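1. Dropping a prediction and its sequence here:
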Amino acid sequence: MDAADVADVQLASNMSSSIPTIEFGVPGDKITVPRIGLGVAGMVGTYGAYDENDSIGVLNHSIDIGSTFWDTADSYGFGKGEELVGKVSQSRSEKVFIGTKFGFVFTPPGPDFDGDYSKVVHGVCGTPEYVHKQAEQSLKNLGVDRIDLYYQHRIDPDVPIEVTVGAMAELVKEGKVRYLGLSECSADDLRRAYKVHPIAAVQVEYSPWCTDPETNGLLEACRELDVTLVAYAPLGRGFLTGNIRDVKNLEKDDWRRTNPRFQPENIENNIKLVDGIEAIAKKRGVTTSQLTLAWLLAQEKNLMVIPGTRRIKYLDENFSAGQIVLTDDENKEIRELVDNADIKGERY
């Protein structure tokens, strides 16, 4: 048994038999991971001020309960997200599966940063040189010799996907990356990329207020190629929890203040979907967040969710959603709400 096999066994041993899991990977190299993971973006400033000690506490608790599939990126906190994940994962004997991403070209902001990422992000890059450069930086930030899952964060329109994935495949051959992934790609991007090297995961926004993967062919392509769909922002960046009803209540440097769907002219319309889900959740005796996650998991077998949070209370709440099995009537009722929602505002 080699080191990778030992790590896989260790990862599986971390998880209680009651935790919903999924077979993840590529042909000939599959492992078992929890279906509900943890997104780290909000722990390092994306949604306003944060306390590193609190974030460390959440990550440690995540390991304790078995939510050991973590998602970060080199752009989250401009390196701080990876460093935070690495600091905690190295301090524990349990195996944590870490996915990270490259692609955005950015300049780390100063202390007066107001949360407007358009001022510090300068586009995307998918050249082979950039792929290798950012991988080395991520390895350093994470403090690891191999990245479990390495995504292209956004597709570079000026570099053929075959070229970028070819460079990512070199990282696999060098032993620096185990699995490859794409984020916010098209169905065509995925099929072209897969011809170069097997893709383990596609990360895309998917939730009751964003069902694009169902209509743009991406979900169908994932099924065709047996690629796991990793749903990010499954709670609509917090909006689908029902706790955000006025953008004025968000911190001044919270990125959501600039998001179209959170603007006053759109919230009044968009909150109708939340109210509808909340009503069903009350009848079921669960929270709106739990029902939302349970519904999403019920839509596709080869799907995972990575809700983020900065509080242990919500981490426990989100993770326990995996135990909720919807009735056919509940699934149908939520689907009707989703199909009739008419959400206002672009995603970005």
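-> Looks like it arrived, so ask away.
2. quick one: pLDDT of the residue positioned nearest the centre of the chain?
-> Closest residue to the average C-alpha location of the chain: residue 232 at 3.6 Å, with Cα atoms, centre = their mean. Note on residue 232: pLDDT of 97.
3. can you map out the helices along the stretch 201-348 of the chain?
-> Under the criterion DSSP state H, counting those that start in this stretch, helices of the stretch 201-348 of the chain are mapped to 212-215, 218-225, 264-284, 288-298, 312-319, 328-339.
4. These: which one's closest to residue 34?
-> helix 312-319 (8.1 Å; Cβ to Cβ). Placement of C-beta: from N, CA and C, glycine included.
5. Any buried residues in stretch 56-63, and which?
-> 57, 58, 59, 61, 62, 63 (16 or more other Cβ atoms under 10 Å).
6. hang on, the earlier thing: residue 132 is nearest to which of the helices of the stretch 201-348 of the chain?
-> helix 218-225 (25.6 Å).
7. Output that closest one as PDB, nothing but the C-alphas.
-> Only the C-alpha atoms of helix 218-225 are listed here, as PDB (Å, rounded to 0.1, in the frame of the first residue of the first chain):
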ATOM      1  CA  LEU A 218     -23.100  21.200 -18.500                       C
ATOM      2  CA  LEU A 219     -24.900  18.800 -16.100                       C
ATOM      3  CA  GLU A 220     -25.500  16.500 -19.100                       C
ATOM      4  CA  ALA A 221     -21.800  16.600 -20.100                       C
ATOM      5  CA  CYS A 222     -20.800  15.700 -16.500                       C
ATOM      6  CA  ARG A 223     -23.100  12.700 -16.600                       C
ATOM      7  CA  GLU A 224     -21.800  11.700 -19.900                       C
ATOM      8  CA  LEU A 225     -18.200  11.800 -18.700                       C
END
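8. what's the average pLDDT for it?
-> For helix 218-225, the per-residue pLDDT averages 98.
9. how far out from the middle of the chain is that helix?
-> 18 Å (Cα atoms, centre = their mean, to the nearest Å).
10. got it, and stretch 126-139?
-> 20 Å.
11. okay, that stretch in CSV with CA atoms only?
-> Extracted in CSV, the C-alpha atoms of stretch 126-139 (Å, rounded to 0.1, in the frame of the first residue of the first chain):
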residue,chain,number,x,y,z
GLY,A,126,-4.3,30.0,-18.7
THR,A,127,-0.9,29.9,-20.2
PRO,A,128,1.4,26.9,-19.4
GLU,A,129,3.8,29.3,-17.7
TYR,A,130,1.1,30.7,-15.5
VAL,A,131,-0.3,27.2,-14.6
HIS,A,132,3.1,26.0,-13.4
LYS,A,133,3.9,29.3,-11.6
GLN,A,134,0.7,29.4,-9.7
ALA,A,135,0.8,25.7,-8.8
GLU,A,136,4.2,26.2,-7.2
GLN,A,137,2.8,29.1,-5.2
SER,A,138,-0.2,27.1,-4.1
LEU,A,139,2.0,24.1,-3.0
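12. let's have the chain start at 27 instead
-> I'll keep to 27 as the first residue from here, and by that count the last item is stretch 152-165.
13. what does that stretch rub up against?
-> Stretch 152-165 is contacted by residues 100, 105, 108, 126, 128-129, 131, 171-173, 176, 178, 181-182, 184-185, 187, 189-190, 192-194, 196-197, 202-203 when judged by Cβ atoms under 8 Å, 6 or more residues apart in numbering.
14. Return the set of buried residues in it.
-> 152, 156, 157, 158, 160, 161, 164, 165.
15. for the helix or strand where residue 96 lies, packing partners?
-> Secondary structure assigned from DSSP states H and E places residue 96 in strand 95-97. Judged by 3 or more Cβ pairs under 8 Å, 6 or more residues apart in numbering; DSSP states H and E, the packing partners of strand 95-97 are strand 64-65, strand 123-128.
16. and of the buried residues of stretch 82-89, the nearest to residue 292?
-> Out of the buried residues of stretch 82-89, the member with the shortest distance to residue 292 (by Cβ to Cβ) is residue 84, at 29.9 Å.
17. where's the closest one, which helix or strand?
-> Per DSSP H and E: helix 78-91 holds residue 84.
18. Could I get the average pLDDT for that helix?
-> 96.
19. what does it contact?
-> So helix 78-91 is in contact with 40, 64, 66, 69-70, 94, 96, 110-111, 113-115, 118, 120, 122, 335-338, 341-342, 345, going by Cβ under 8 Å, 6+ apart.
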